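Chemist: sequence first, predicted model second:
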Amino acid sequence: MATTKMGFIIKSLPYKTEASRLAMTHAIASQTVEIYLEDGDMVEPVVCFIGDGVLNCLKNQATAKHYDITSIEMHIRNSLLLDLKVLYCKEDLDRFGIKEDALIMDAEELGGETKAQIVPYSEIQKEMDSVNHLQFF
Amino acid sequence: MKLGVFMSDYRTGADVVDRLSADKLGIIFVGNGIYRATLKEGGSADPILQKSATFYVLTEDLESRGFTAANLAGNIKAVTYSDVVDLIFNDYEKIIWI
C-alpha cells in the first residue's frame, strides 16, 4: 500500500494562457487514476498558488457572463469539493494587498467542506519537498 | 498625433510605453493588462499610471478576473467593448498593441 503525492504549483496568471486551467484539471483528474492502481494504493494531489498565480484565487470571476467559459474560480471550488489540498502563498497575497475576504476559500455552495489555506511560502516549500512528482504551471 | 495604446500584459511592455510621446495619448488596459489598473504591488500603483495619458480598462476583462470598477483609481475609466470601438474610430488616429 503506497501513496503517491503530486504537487501542482501554479505561478501563472489565470487567463490568456491555459496554464492555470491545465494545472487544475490535471490535479482534479489525478484522483481518477486510482482505478489503475493496486488495491490500497492512492494518489494525493496538492495545489499551491505562488507569485502571480495567487491572482487565480480571486472570487467573483465573471468569465461565464462575458465570455461564456468556465472560470478558474469554478475549478478551484471543484477542487475543494473533491477535498484537494489547496494552498495560497501568504507573502504573495500580502505583496498584492489581497485580503482573505477577496479569495475563494471554500466550496460551501456546492456542498464542499474542505477549505483553502493561506500559508507562508515555507509551508509550500515543505509540500514541494514532500511530493513524489512536482509540476510547475 | 492622437495615439491609442492597447496593453494586454502585466509584466512586459511598460518600457515601450514609457518612451512613447503623443499630443493625445490613450492607454487601454485589456486582458492581463487590467492588473496594472487594479493592483498595488508592494503598496504602489503601477508606474505607468503616472504617465500623462487617459486611461481606460475593458470592463469585460476586469470582471472576468474578479475585479470591478470599484477597484480602479479615479483617473481610470471602465469601458465596454462598444466604448472601445468608439474610442478607436472617434478619439485616436493611430492604434498600437503593446
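Modeler: Noted; the coordinates are in hand. Numbers count the residues shown, from 1 in each chain, chains lettered A, B, ... in the order given.
Chemist: need the nearest residue in space to A:Lys99, chain neighbours excluded.
Modeler: Excluding the flanking residues, the one nearest A:Lys99 by CB to CB, 6 or more residues apart in numbering or on different chains is A:Leu93, at 7.9 Å. Where C-beta positions appear, they are placed from N, C-alpha and C, glycine not excepted.
Chemist: now what about the helix or strand containing the one you found, what contacts it?
Modeler: With elements delineated by DSSP states H and E, A:Leu93 resides in helix A:90-96, which encompasses its position. Judged by CB atoms under 8 Å, 6 or more residues apart in numbering or on different chains, the contacts made with helix A:90-96 from elsewhere in the structure are A:49-55, A:99, A:103, A:118-121, B:39-42.
Chemist: starting at the chain centroid, how far to the worst-scoring helix or strand of chain B on mean pLDDT?
Modeler: Using mean pLDDT, DSSP states H and E, helix B:14-19 stands out as the lowest-scoring helix or strand of chain B, at a mean of 92. Relative to its parent chain, helix B:14-19 has a centroid offset of 13 Å by CA atoms, centre = their mean, to the nearest Å.
Chemist: also stretch B:9-16?
Modeler: For stretch B:9-16, the distance from its own C-alpha centre to the chain's C-alpha centre is 11 Å (CA atoms, centre = their mean).
Chemist: could you dump that stretch to CSV, C-alpha only?
Modeler: Taking only C-alpha atoms (Å, rounded to 0.1, in the frame of the first residue of the first chain), the coordinates of stretch B:9-16 have been written out as CSV:
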residue,chain,number,x,y,z
ASP,B,9,0.3,42.1,-20.5
TYR,B,10,1.0,42.7,-16.8
ARG,B,11,4.8,42.2,-16.7
THR,B,12,6.0,43.4,-20.1
GLY,B,13,5.6,46.5,-22.3
ALA,B,14,6.0,49.3,-19.8
ASP,B,15,9.4,50.2,-21.1
VAL,B,16,8.0,50.8,-24.5
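Chemist: for chain B, what lies in contact range of chain A?
Modeler: Taking CB under 8 Å from any CB of the partner chain as the measure of proximity, chain B contacts chain A at B:8, B:10-11, B:31-32, B:35, B:39-43, B:60-61, B:63-68.
Chemist: near residue 72, how many other residues are there?
Modeler: Looking at chain A here, since you left the chain open. Around A:Ile72 sit 25 other residues, with neighbours defined as other CB atoms under 10 Å in any protein chain shown.
Chemist: I was thinking of chain B, sorry if that wasn't clear
Modeler: Going by other CB under 10 Å, the residues that sit close to B:Leu72 add up to 19.
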